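Asks: give me coordinates for this.
(one chain, ligands or ions: 1)
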Amino acid sequence: MLYPVAWHDDRVSLIDQTRLPTLYSRVEIRRSDDMAMAIKTMIVRGAPAIGVAAAYGMYLGAREIETDDRAEFLTALDGVADLLRGTRPTAVNLFWAIERMLKTARQTVGSVESIQAVLLKTAQEIQEEDLRTCQAIGDRGLEVLPESPQKLRILTHCNAGALATAGYGTALGVVRSAWREGRLERVYANETRPRFQGAKLTAWECVQEGIPVTVITDSMAAHCMKEGLIDAVVVGADRIAANGDTANKIGTYSLALVARAHNIPFFVAAPFSTVDFNLGDGAQIPIEERDPAEIYRIGDTQLTPAGVEFYNPAFDVTPAASISAIVTEDGAIPPEQLGGRIPSQQNS
Ligand SMILES: CSC[C@H]1O[C@H](OP(=O)(O)O)[C@H](O)[C@@H]1O
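Replies: Purely as a prediction, here's the structure:
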């Protein structure tokens, strides 16, 4: 099993996803500011993985606070939360994980040391919960994939795999479950400009497990669907509004429109924890804009002339009406029914 975030004795170990696929390496994180930087620079990325990393970042920050005074400790912990909140704005998992750690600290009676101990345990619970959730999503996805005598060809976008979660993956979790059950012919992986998460990360995960994978450029996806090469599209999510509108990697929206035009089922695979029931629709989802250098530079190669301007939104929002179903750990839900599933206390 692939774990992008792992706790070892006194530190967090992250797979450095900026070095894959050419180099598998792990970065050791001992401080909250280093964890914040790791999230911002996408050493660790993917909504659930970001939530797990932020939870450990909260513990690392709590460990740095040198006071025995409870009030002083909780005030300083708020500062750690602000540091981590400032990393990336779209993945809701980051924010609920931070809030859950803060709530745990406030509700824990006893010494600062005892609060710190509970915070580490809570971060580990968030990680373990996400792994179980992803495995459930993967298996529940089997219930909605097209029934076919032939094995399926599933198109996915970006990386919603083990690398983007505590392990196993959401969209790629569905792929893993289909592969395990002998229902998958191959994955078509959109390369996913500008950071190439599909070409670099999804393809790497598939190759590690012997899952046949065809990498295509984003601009080829519509042609592949039109040519009958794709049986289903399964993607992840960074934040889902209560009406089912879904924010995911830039390029997801156009995939959904083309899939619908060709009557190809389009599924979002995501844990309930990615649903932000505080947002009525997708227009309210904050969309991260990243460094334009991601567009104009690949390695040492400059792609554009001087004098041009850039626009680099990292996500777009797919309307609920373009989504066939949202596959959660509790099964597939028509997006329009999501609002009726508000949990008693979301991510408490
Ligand atoms: C399992 S959801 C992963 C989700 O996060 C990715 O974004 P990024 O690589 O920028 O963190 C992408 O939207 C994936 O679908």
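
Asks: every contact and neighbour count from this point should use C-alpha atoms.
Replies: OK.

Asks: ranges for the helices of this structure?
Replies: Along the chain, the stretches classed as helices by DSSP state H are 32-40, 47-64, 70-85, 92-107, 112-141, 171-180, 197, 203-208, 221-226, 252-261, 293-296.

Asks: the longest one to helix 92-107, inter-axis angle?
Replies: Using axes from the mean of the first three to the mean of the last three C-alpha atoms, to 10 degrees, the inter-axis angle of helix 112-141 relative to helix 92-107 is 140 degrees.

Asks: what's the most buried one of the helices of the chain?
Replies: Of the helices of the chain, the one with the most neighbours on average (mean count of other C-alpha atoms under 10 Å) is helix 47-64, at a mean of 29.

Asks: picking that back up, so which of the helices of the chain gets nearest the ligand?
Replies: The ligand lies closest to helix 47-64 among the helices of the chain, at 4.8 Å (C-alpha to the nearest ligand atom).

Asks: circling back to that earlier point, and of the helices of the chain, who's closest to Ala241?
Replies: Nearest of those to Ala241, taken as C-alpha to C-alpha: helix 92-107 at 10.1 Å.

Asks: Glu191 contacts Val215, doesn't it?
Replies: Yes: taking contacts as C-alpha atoms under 8 Å, Glu191 lies within contact range of Val215: 6.2 Å.

Asks: any common contacting residues for these two?
Replies: 198-199 (C-alpha atoms under 8 Å, 6 or more residues apart in numbering).

Asks: more crowded one of these two?
Replies: Using other C-alpha atoms under 10 Å as the criterion, Glu191 and Val215 rank with Glu191 on top: 27 against 19.

Asks: residues in contact with that one?
Replies: 157-158, 197-200, 215-218.

Asks: 6 Å instead?
Replies: By C-alpha atoms under 6 Å, 6 or more residues apart in numbering, the contact list for Glu191 reads 198-199, 216-217.

Asks: next: Thr165.
Replies: Counted by C-alpha under 6 Å, 6+ apart, Thr165 has contacts 48-49.

Asks: in the protein, which ranges drop under the pLDDT threshold?
Replies: The chain contains residues with pLDDT under 70 at 342-348.

Asks: the ligand contacts on that one?
Replies: 45-48, 158-160, 164-165, 170, 235-238, 248-249 (C-alpha under 6 Å from any ligand atom).

Asks: same thing but at 5 Å, please
Replies: Proximity of the chain to the ligand (C-alpha under 5 Å from any ligand atom) is limited to residues 45-47, 160, 164, 236-237, 248-249.

Asks: of the residues you listed - the most surrounded one?
Replies: For those, neighbours were counted using other C-alpha under 10 Å, and Ala160 has the most, 34 neighbours in all.

Asks: quick one: contacts for that residue?
Replies: 169-172, 236.

Asks: repeat the analysis, applying 10 Å as the threshold.
Replies: By C-alpha atoms under 10 Å, 6 or more residues apart in numbering, the residues touching Ala160 are 45-49, 168-174, 197-198, 201-202, 234-238, 248-249, 269-270.

Asks: what of Lys151?
Replies: 178-179, 182-186, 231.

Asks: ok so, going back, columns distance to Ala320 on top of the helices of the chain, output as a markdown table?
Replies: Listed next are the helices of the chain as a markdown table, based on distance: least, C-alpha to C-alpha, whole Å:
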| stretch | distance to Ala320 |
| --- | --- |
| helix 32-40 | 28 |
| helix 47-64 | 19 |
| helix 70-85 | 27 |
| helix 92-107 | 18 |
| helix 112-141 | 18 |
| helix 171-180 | 17 |
| helix 197 | 24 |
| helix 203-208 | 28 |
| helix 221-226 | 20 |
| helix 252-261 | 10 |
| helix 293-296 | 29 |
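
Asks: for the ligand, state which of the contacts of Lys151 is nearest.
Replies: Ala178 (17.1 Å).

Asks: spatially, what comes nearest to the closest one if we skip its sequence neighbours?
Replies: Leu184 (5.5 Å; C-alpha to C-alpha, 6 or more residues apart in numbering).

Asks: ok, now Glu329?
Replies: Per C-alpha to C-alpha, 6+ apart, closest to Glu329 is Ile137, 4.4 Å.
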